[in-house]
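Trainee: Sequence and predicted model, in that order:
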Amino acid sequence: MAKKKLGILLSTAPEHPNLKTVLSLLDEARKNKVDTYLYLLDEGVKALAVFGPKFSSKTGLNLFVCAYGAQRYGVSQNGEAVFCGLVLLSDLLKGCDRFIAFNE
């Protein structure tokens, strides 16, 4: 049986309550061995530092950051994320069993 795939989009700043919800979802997905894909967009790219060793590729999280947003907000690569464009986001929307977006 194939593993389930969960896609999550976070486009709000780290101060927004959405971050806490996303962190809880990621923790539950990890516990249930669900392949998880997180895409940080717009102000969500500022939350990159939050997704450190606890949520890395070793724990089943595939982390993607909008390269344009990172440049706009001065976010540098940390080695845990793939910096990419919206084409990858489109692929995630098509490839995941469930996709949840956290916006304002």
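Mentor: Nice, I can see it. Numbers count the residues shown, from 1 in each chain.

Trainee: where along the protein do the strands fall?
Mentor: 5-10, 35-40, 61-66, 82-84, 98-102 (DSSP state E).

Trainee: now the angle between strand 98-102 and the first one, please.
Mentor: Inter-element angle recorded for strand 5-10 and strand 98-102: 10 degrees (by axes from the mean of the first three to the mean of the last three CA atoms, to 10 degrees).

Trainee: what does strand 5-10 rub up against?
Mentor: The contact list for strand 5-10 (CB atoms under 8 Å, 6 or more residues apart in numbering) reads 18-19, 22, 25-26, 29, 34-41, 44, 47, 89, 92-93, 95-103. For every residue, glycine as well, the C-beta is placed using N, CA and C.

Trainee: related to what we said a few turns ago, export the strands of the chain as JSON lines, with columns for mean pLDDT.
Mentor: What follows is the strands of the chain, written out as JSON lines (pLDDT from 0 to 100):
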{"stretch": "strand 5-10", "mean pLDDT": "97"}
{"stretch": "strand 35-40", "mean pLDDT": "95"}
{"stretch": "strand 61-66", "mean pLDDT": "94"}
{"stretch": "strand 82-84", "mean pLDDT": "95"}
{"stretch": "strand 98-102", "mean pLDDT": "97"}
